[in-house]
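Q: Next one to model:
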Amino acid sequence: MDLAGGTSLVYDIDLSSVAPADYSSVVNGLQDVLTKRIDLYGVSDAQVTVAQNNNNYQLLVDLPGVKNLSDAVNEIGQLPTLQFGLVQIATSTTGSSTENLALTQLTGRYITNAALSFDQNNNPIFTFNLNDQGSQIFSQITSNNINKPLCILVDGNLIFPGDTNMSCPIINSAITSGQAQISGSGVTATVAQQLAERFNAGALAAPIKLVSEETVSATAADNALHQILVAGGIGTLAVILFMLLSYGVLGLFASCALLIYTSLSLGLFKFLIPGGFTLTLAGIAGVILSIGMAVDANILIFERSKEEVKKGSNWHVAIEEGFRRAWPSIRDSNISTIITATILYFLTSSFVKGFALTLGLGVIISMFSAIFVTRAMLEVFMEK
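A: Predicted structure coming up:
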């Protein structure tokens, strides 16, 4: 936020219907739901924190790089509420009947977990768990309405607006354990995953209200950003100097490849990532690591080439052999890093995800610059 500016939002949490003993778990659940919803929209390095003043709780949301207030609020969206309803058939004096949906006491506040699962025959099913109070309510509802549909709604709309059968599964038996599942021919793995996502997004334990929104200026940008650029330039020049002193003309080729790597990385972050990329401290750390790995690949190649020269090979043969023998080590080390970055990106959020993104993309580009760019320059100029 200091470097890029952005938007700051403040939400009040209404805990009037929550027992004081449950305040902490409810607030933490809201924080987690809000963080997940922001991550779905791709806001880089967003941060959701909790502020407490006695029994008053607030959620503070920082969205780096988002300058338009309306856009920022849309990124969060109107947080949905999860509800359950029973279909009731009313008959008029004329004999005609109409179907009405009566909401029950069961809401998303009682849901503790929802997930895609599989039965003993490996068929996908959707499962969800309820807390103790929700289990009692659910038990009463299912016991009194066997063979009747129980509709699921988010923001007052059926969870699958175009499919009443999926939105209103039939109650086959009384469910008293607090663990329920939805299965059938229409429940594919995709449908079960969608149900889990919509349940988790709508399972809000307490309502929240937006009470403050403001655009935050880049207060530290004038000084800190300049210092970051100077430090980055000094660091890059230091690496180039080391390569020149250690490997002479080979170091010159490696330095040119490093500059090309830097240009490609910044270009990729700027133009290929949807919505742009906010380069924060965590992201900068990923870039720095990938720069080090780019130079490391050249060092492996050059050291292998020097060994071949000591054996009596000419430089042309030595360079070819150096690339051939160093490639397996470079390939395996970089692939392991890419796998790690991929796991971090998909299984974490916020700052760690920004680090994983820059590290993974940086390593891919560094492999290209270290292997193909350096090799192409050597093949063109080495004969001369």
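
Q: Tell me the pLDDT of residue 142.
A: On the pLDDT scale, residue 142 is placed at 90.

Q: what helix or strand does it sit in?
A: In the assignment (DSSP states H and E), residue 142 maps to helix 132-144.

Q: With just CA atoms, put that helix into PDB.
A: Extracted in PDB, the C-alpha atoms of helix 132-144 (Å, rounded to 0.1, in the frame of the first residue of the first chain):
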ATOM      1  CA  ASP A 132     -24.200 -28.300  17.500                       C
ATOM      2  CA  GLN A 133     -27.000 -25.800  17.300                       C
ATOM      3  CA  GLY A 134     -27.300 -26.200  13.500                       C
ATOM      4  CA  SER A 135     -27.400 -30.000  13.900                       C
ATOM      5  CA  GLN A 136     -30.400 -29.700  16.200                       C
ATOM      6  CA  ILE A 137     -32.200 -27.400  13.700                       C
ATOM      7  CA  PHE A 138     -31.300 -29.600  10.800                       C
ATOM      8  CA  SER A 139     -32.400 -32.700  12.600                       C
ATOM      9  CA  GLN A 140     -35.900 -31.200  13.200                       C
ATOM     10  CA  ILE A 141     -36.200 -30.000   9.600                       C
ATOM     11  CA  THR A 142     -35.300 -33.300   8.000                       C
ATOM     12  CA  SER A 143     -37.300 -35.400  10.500                       C
ATOM     13  CA  ASN A 144     -40.500 -33.500   9.700                       C
END
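
Q: partners of the helix or strand just after that helix in the sheet?
A: Per DSSP H and E, the first helix or strand lying C-terminal to helix 132-144 is strand 150-154. Partners of strand 150-154 in the sheet, by DSSP bridges, are strand 82-91 (antiparallel), strand 157-158 (antiparallel).

Q: what's the helix or strand following the last one in contact with?
A: Toward the C-terminal end, the helix or strand that comes next after strand 157-158 (DSSP H and E) is helix 164-167. The set of residues external to helix 164-167 that reach it, using Cβ atoms under 8 Å, 6 or more residues apart in numbering, is 151-153, 158-161, 186-187, 191. Every C-beta, even on glycine, is put in place using the N, C-alpha and C of the backbone.

Q: follow-up on the earlier one: which other helices and strands contact the helix holding residue 142?
A: When contacts are defined as 3 or more Cβ pairs under 8 Å, 6 or more residues apart in numbering; DSSP states H and E, helix 132-144 packs onto strand 97-107.

Q: for the strand it packs on, what is the average pLDDT?
A: For strand 97-107, the per-residue pLDDT averages 75.

Q: angle of whichever helix or strand comes after that strand against helix 132-144?
A: Next helix or strand after strand 97-107 toward the C-terminus (DSSP H and E): strand 111-118. Angle of strand 111-118 versus helix 132-144, following axes from the mean of the first three to the mean of the last three Cα atoms, to 10 degrees, is 60 degrees.

Q: and strand 111-118, which residues are buried?
A: 111-112, 114, 116 (16 or more other Cβ atoms under 10 Å).

Q: Tell me which two of these sit farthest apart.
A: The distance between the two most remote of the buried residues of strand 111-118 (Cβ to Cβ) is 16.1 Å, for 112 and 116.

Q: so where is the stretch 151-300 of the chain shaky, pLDDT-wise?
A: By pLDDT under 70, the weakly predicted segments of the stretch 151-300 of the chain are 154-156, 161-162, 197-206, 218-225, 272-280.

Q: ranges for the helices of it?
A: Per DSSP state H, counting those that start in this stretch, the stretch 151-300 of the chain carries helices over the ranges 164-167, 189-202, 226-247, 249-271, 281-310.

Q: quick one on the thing from earlier: just give me how far the helix holding residue 142 sits from the chain centre.
A: Centre-to-centre, helix 132-144 and its host chain are 35 Å apart (Cα atoms, centre = their mean, to the nearest Å).

Q: now stretch 373-384
A: Worked out by Cα atoms, centre = their mean, stretch 373-384 lies 41 Å from the chain centre.

Q: Which positions in that stretch come out as buried?
A: Going by 16+ other Cβ under 10 Å, stretch 373-384 has these buried residues: 373-375, 377-378, 382.

Q: ok, residue 214 touching residue 7?
A: Yes. At 7.3 Å, residue 214 counts as touching residue 7 under the criterion of Cβ atoms under 8 Å.

Q: Between those two, tell me which one has more neighbours.
A: Ranked by neighbour count (other Cβ atoms under 10 Å), residue 214 and residue 7 place residue 7 first, with 26 against 11.

Q: And the more buried one, what's its pLDDT?
A: At residue 7, the pLDDT recorded in the model is 81.

Q: can you confirm it is in a strand?
A: Yes. Counting by DSSP: H, G, I helix; E, B strand; the rest coil, residue 7 falls inside a strand.

Q: That one contacts residue 210, correct?
A: No. Contact criterion Cβ under 8 Å: residue 7 and residue 210 do not qualify, at 11.6 Å.

Q: need the contact list for the closest residue to residue 135 other than its chain neighbours.
A: For residue 135, ignoring the flanking residues on the chain, the nearest one in space by Cβ to Cβ, 6 or more residues apart in numbering is residue 178 at 3.3 Å. Residue 178 makes contact with 129-132, 134-135, 138 under the criterion Cβ under 8 Å, 6+ apart.

Q: Swap in 10 Å and give it another go.
A: Going by Cβ atoms under 10 Å, 6 or more residues apart in numbering, residue 178 touches 110, 112, 128-136, 138-139.
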